[in-house]
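Asks: after the sequence you'll find the predicted model.
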Amino acid sequence: MRPGDRRRGGHGRRVLVAVVLASAVGQLAVLVATGTPAARADTCPDGQWSAEFHTGTALGGDPVGQRCDSGIDFDWSQNGPGVTGIVTTNYSVRWTRQATLAAGTYTATVTGDDGVRVLIDGQTVADGWGDHGPQTFSGTRTLTAGAHTIVVEYYQGAGGAMVTFDLAGGPGEAGGPGPDCPAGQWSGLYFPNRTLSGTGVPRCSAALDDAWGDGDPGLAGIGADNFSARWTRTDTLPAGTLTLTATADDGIRVLVDGQPVINQWHDQGPTTYTATVAVAAGSHDLTVEYYEHSGGATARVTVTTTAAPTCNTLQWSAQYFPNPTLSGTPSPARCETDLRHDYGTGGPDVTGIGTDGFSARWTRVDSFAAGPIRITATADDGARVYVDGTRVIDGWNDQGPTTLTATPTLTAGPHTIVTEYYERAGGAQIRVSYTGGGDPGPVPPAPPGGCTSDCDGSWRTLDSPMPVRSVHASVLRTGNVLLVAGSGNDQVAFDTHAFRSAVWNPGTGEFQETPMAEDLFCSGHVQLPDGRILLAGGTAAYSTATSNYKGLAKSFVFDPVAGTYTATNDLPGGGHWYPSLTELGTGDVVAVGGLDENAAGNVATELFDSNRGRWLPTADVAQSYFFWGLYPELKLMTDGRLFYGGVHTFGNAPTAAGSNIYDPATATVNDVAGLRDVNLRDQGASVLLPPAQAQRVLTLGGGNGDAGADAVASTDLIDLRQADPHWQPGPDLPAAKMYVSAVILPDGTVLETGGGRHLRSDPVHEASILNPATNRFTSVPPDPQDRTYHSQAFLLPDGSVAALGNNPVDGSFSTTISVYRPWYMSRARPSITAAAETFGYGSHQALTVDGDIGRVTLLRPASVTHQADPNQRSVDLPISAGGQAGHLAVDVPSNPNLLPPGYYMMFAQNTAGVPSVARWVRVQ
């Protein structure tokens, strides 16, 4: 914005539109009059305002001027109010009047540049007491019949000056209720005066499309001039935008649920006004009030509803307007993944919308747990935020980048969030975020059935070893596995640029080597929404006697169909050696941690825009400048924040608490209390227990390689659904170990396998299966191979588990692959014979199955290194119909924070607890 844009220019307007409360009939009356100077305020005629003018903005001291005003509708612009002793700036005014009103609900609306407020009987009804450009405030009060004192206070600081006030009766107040009319028709009352007072003449109208000209409405007792009317209607509307267009000669106002959206209560020739308002799904009360003074008479009103597009709970339904007033015809609604726009001096890239002088409205429905939430809005220029129609943030004025917050308290369940924004000129930005959304809903029941005998399962070491020293493994949507070595922790391979990877086909046992241009050894990686694998960071230099490893800033995307790597732009925050990558519900990817190109801790938060296929500049990403250590496992919570459960690689914990919650939208980091063995979680495991709806995280095992400490067997458990989550002790592992892998199985249990007691030494041959429903480990046969440093374990689509890699202290590397076949692989298994290839959020999906099915779940394919897979999760799909052999239907969650977009392995589990082989589906 530019200095000086903040104030509205004036046009020398001195017509005063007054809301006159006629005490003689005890009803609300409206007339048009001209201000009349008065020697004493207490001599003002009935219905007029006693105005007192003060120097200064605080209404302090004795007034320097007094007069009577018939109404409050002034645009003094850069001029003064024409009162001796009052100049063009730094003054304040108090208007007071006594009004006799009928019982009912009234809406007071005041607009001011600068501060304004309204009091009725000493109680504040509308409050905008602060420096701002033209800004409207309103409030409602239910009043008893009789006399009431109304006070309007205003101050002018500097720049433009204007103030208007209106008081409107609630629907059906004056004249009593309208007639009962068929659904969809307007219930009308016509009055033989301009004040909507007295007894009305009823009539039902299919539409408000009247051009009486010099004639009359054709009702007994209603003439061609000096009459008024009120029409009401209740509509059941979908969530979306209500567009109201009113043409009138003379005054007209339109209210939605008692709130004025068009308010042009004055004499005028035929004039058309348009306003839009966001509405939630449900019933809404529409009211139109009109008066005719003299001459021609026209009253036309149209109401159209534009349903919001089908957006998921993390998307905003967005509409843009080619003006700063949210009026006229908006652009077609579209879904936007987040509300974080920094237009600079450009525009929003919407057809018909320029770089200046535009406005926008964003709407979305989200589910919340009961309690307070925090909403943060940053805008240049004006912004306001509503929750269920109540304005909670109001910064509707020209301004440079300004941040406003609100902390409303909500009930549990869905709520509608609406953000409105306008850009006047100059720079433009709008960012809105909130906490507390994304309630995961009810926790699904425990999996059906389960193993009762012959439950051990078995291991087998494959005959064919890996052709590469794999340190990174990603299960691809093709069912194959990408194995990345890079230099494979081999200085000679690094020096000779022998950077290697291979694709393994578990079905055939074949390997296909794929060349690499950079050393992605010790990179981070994650599946993107389209099923490709994003790899970022790696090794720019090996350690020396005087320097640690140095991080690489390169980034690539691997295509599982083409089998090729494609470079993206470099990581803007520099090199990252041992970074963690977590996909957000938007499909974008957050990267944190690792060592930079100077071998120092990298404190940059990086964000990969999946739609544009590139890393965003760090200036466009909220920065905490917090060092998360090496391979910190940050797991996505259902409200969009990230949970760090204490597991990392090498040495002590990177944070004092050892566990934290990070909000990437605001870059805030909060400690989570209660984690035990904080500095003994080096290369332990952390797993979001199934089902993900339960939001329970288990941290298990670990050690401290730098300190040479013994590994621990302790586990800790936390429930992230709690308002203030704290760690609680969990069941001990059957054996103390670090380098432990935790793999979610399709029967709803978790296999823990591999490990060692000390840094790259003392392998531990032990494995067990955790039942999250009972919090108990049951021992199963161990992997016959050593699996310590640089080992990985992950689920394959057939339900088996592959374990590979081992890089002990002598520098050797095991290229063996072990496969564990759980108990269910020796049972008769159900199958999914038909399903859609793509599942939409909130959709109802039909499945064709073979077997009696009691549970359907989506498991995210692994992308794991150093026992860390931050994105591993299992999400239950509630069965909404069927369940017997043949056909059933499942409900897909609507919250992408619970189920981030991408490809998943879908398993159907029969009532005996046996899961099917996976069927691949894409969630988007």
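Replies: Perfect, I can see it now. Numbering: from 1, shown residues only.

Asks: where does Thr679 land in three-state SS?
Replies: For residue 679 the amino acid is Asn, not Thr. helix (DSSP: H, G, I helix; E, B strand; the rest coil).

Asks: how about the closest residue to Gly344 other than its chain neighbours, what does it touch?
Replies: Using C-beta to C-beta, 6 or more residues apart in numbering and skipping residues adjacent in sequence, the residue nearest Gly344 is Gly427, 6.1 Å away. No exception for glycine: its C-beta is placed from N, CA and C like everyone else's. Each residue near Gly427 by C-beta atoms under 8 Å, 6 or more residues apart in numbering is listed here: 1, 343-345, 380, 400-401.

Asks: same deal with Ala383?
Replies: 377, 393, 395-396, 404, 419-421, 430, 432.

Asks: residue nearest the centroid of this structure?
Replies: Using C-alpha atoms, centre = their mean, the residue of the chain that lies closest to the mean C-alpha position is Leu314, 5.0 Å off.

Asks: now the two most distant members of the contacts of Ala383.
Replies: Greatest spatial distance in the contacts of Ala383: Trp396 and Val432, 14.2 Å, computed using C-beta to C-beta.

Asks: ok, the contacts of Ala383 vs Phe165, which is closest?
Replies: The closest of the contacts of Ala383 to Phe165 turns out to be Trp396 (C-beta to C-beta; 17.3 Å).

Asks: the closest one reaches Thr136, doesn't it?
Replies: Yes: contact criterion C-beta atoms under 8 Å: Trp396 and Thr136 qualify, at 7.4 Å.

Asks: so which of those two has more stuff around it?
Replies: Each of Trp396 and Thr136 has its neighbours counted (other C-beta atoms under 10 Å); Trp396 has more, 22 against 17.

Asks: pull the contacting residues for the more buried one.
Replies: Trp396 neighbours (C-beta under 8 Å, 6+ apart): 132, 135-136, 382-384, 420, 422.

Asks: dump those residues to CSV, plus distance to Ile222 and pLDDT.
Replies: As requested, the contacts of Trp396 are exported to CSV (distance: C-beta to C-beta, whole Å; pLDDT from 0 to 100):
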residue, distance to Ile222, pLDDT
His132, 43, 89
Gln135, 38, 84
Thr136, 33, 83
Gly382, 42, 96
Ala383, 45, 96
Arg384, 40, 96
Glu420, 39, 96
Tyr422, 41, 96
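
Asks: now, which of those residues lie within strands?
Replies: Among these, the ones falling in strands (DSSP state E) are 135-136, 382-384, 420, 422.

Asks: among these, which two are most distant?
Replies: Thr136 and Ala383 (14.3 Å).

Asks: please parse this structure into its domains.
Replies: Per the record, the chain has its domains at 16-169, 186-306, 308-434, 831-923, by automatic domain parsing.

Asks: can you give me the end-to-end span of the last one?
Replies: With C-alpha to C-alpha, to the nearest Å applied, domain 831-923 spans 20 Å between its terminal residues.

Asks: now swap in stretch 495-507 and tell me
Replies: For stretch 495-507, the first-to-last residue distance is 35 Å (C-alpha to C-alpha).
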